[in-house]
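Peer 1: give me a model of this one.
(2 chains)
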Amino acid sequence: MAQTILVVDDSPTVVKFVSFSLKNSGFNVISACDGMDAIEKISNMSQKVDLVITDLNMPNLDGYGLIDTLRHNEQHRETPIIILTSEEGSEDKVKGMNVGASSYLVKPFKSSLLLNEVSKYLEV
Amino acid sequence: MTMTDLLQNQIQKEISELTDSINLIVDNFKTLRNPLAESHEKVPIAARQLDKVTEQTEAAANRMLDMLETITERQGEVITGLETIKGEVEKQGAEELTTLANSLVEKVNTNLNDAYSIMDALQFQDITSQQVNHAVSLLEDLGGKLQTIVTAFHGNPPEETAEEMPRKERAFDPRADMNDKKTNQADIDNLFNNRA
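Peer 2: So this is what the prediction gives:
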């Protein structure tokens, strides 16, 4: 059975682009437009989420808030989370790391780089 | 005339000049009010136009992504077909046709890689939409400041125009850029791998 990745970004273009790359590599992809939407979707899902890819700057609940919420949830304490953002400052990376992200990718990125990062946690 | 009278006259003259100056300043402020109020009214129009740019580039980028997805699927089918043809012509020992099939497979693979590169490049839409959102946010701040000045001149806030719209919640990175990446992935991975 295909592994499931949750893609969280308020840009429909990024969601489409990332989803295409992941689906092409055999993953099942679910998307959310912000942190709140992601939490709602993840709570109502019957299947397990194997990895989360999230943006940082989003309305309602940003990426830091989403990661923090997931890390305080028993079920998602160990779920790999990749931050995908245009924020390049070292303070953002440290904050992402401290809040519990597994990896950090800076936009714009090559899809091969994203798949390489995903392959550290899931079988591509 | 006593010294006191002289001083009083001098003071009266100064006060009169000061009053004239204040009146002139007030008149100048009054003439400034209209252009300021007009500028204030134009801010939401400019913001709406910029939002339209984002919406339209987003729609266009998504259409392109859909088409590229269809193209890559089709190219995959072409490769499968060509591989079958190649197998058949190899069995027949037709060397020229085998070479031609190999060259076609290579060209289709190049097309596929080019399609993926175009997809990568379409991320410009996300980056430029963040830059536009930053500009709109600055414009909205400017609009707020103009409103304060116009209100101070007039005593009431400027009338709401038809263009007045509720502010959108904007989440963006003010430093988003297509170029100028300052860090490489290996450095970021090292940071995350060496966390305490």
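Peer 1: can you pull up the most central residue in chain B?
Peer 2: Closest to where the C-alpha atoms of chain B average out (Cα atoms, centre = their mean) is B:Val132, at 1.5 Å.
Peer 1: for chain A, same thing?
Peer 2: A:Ile53 (1.2 Å).
Peer 1: ok so that one is a strand residue?
Peer 2: Yes - counting by DSSP: H, G, I helix; E, B strand; the rest coil, A:Ile53 is located in a strand.
Peer 1: before we move on, back to that, okay, the residue nearest to the centre of chain B and chain A: tell me how far apart.
Peer 2: 12 Å (Cβ to the nearest Cβ, to the nearest Å). From N, CA and C alone the C-beta is placed, and that goes for glycine too.
Peer 1: pretty sure that residue contacts B:Leu50?
Peer 2: Yes - in this structure B:Val132 lies within contact range of B:Leu50 using Cβ atoms under 8 Å: 5.2 Å.
Peer 1: picking up where we left off before, so what's the gap between whatever helix or strand the residue nearest to the centre of chain B lives in and the chain middle?
Peer 2: Secondary structure from DSSP states H and E places B:Val132 in helix B:124-154. From the chain centre to the centre of helix B:124-154 is a distance of 12 Å (Cα atoms, centre = their mean, to the nearest Å).
Peer 1: that helix - contacts with which helices or strands?
Peer 2: helix A:12-24, helix B:3-91 (3 or more Cβ pairs under 8 Å, 6 or more residues apart in numbering or on different chains; DSSP states H and E).
Peer 1: tell me the most buried of these?
Peer 2: Of the helices and strands packed on helix B:124-154, the one with the most neighbours on average (mean count of other Cβ atoms under 10 Å in any protein chain shown) is helix A:12-24, at a mean of 21.
Peer 1: anything in whichever helix or strand comes after it near chain B?
Peer 2: Per DSSP H and E, helix A:12-24 leads on to strand A:28-32 as the next helix or strand towards the C-terminus. No - Strand A:28-32 lies out of reach of chain B by Cβ under 8 Å from any Cβ of the partner chain, never closer than 13.0 Å.
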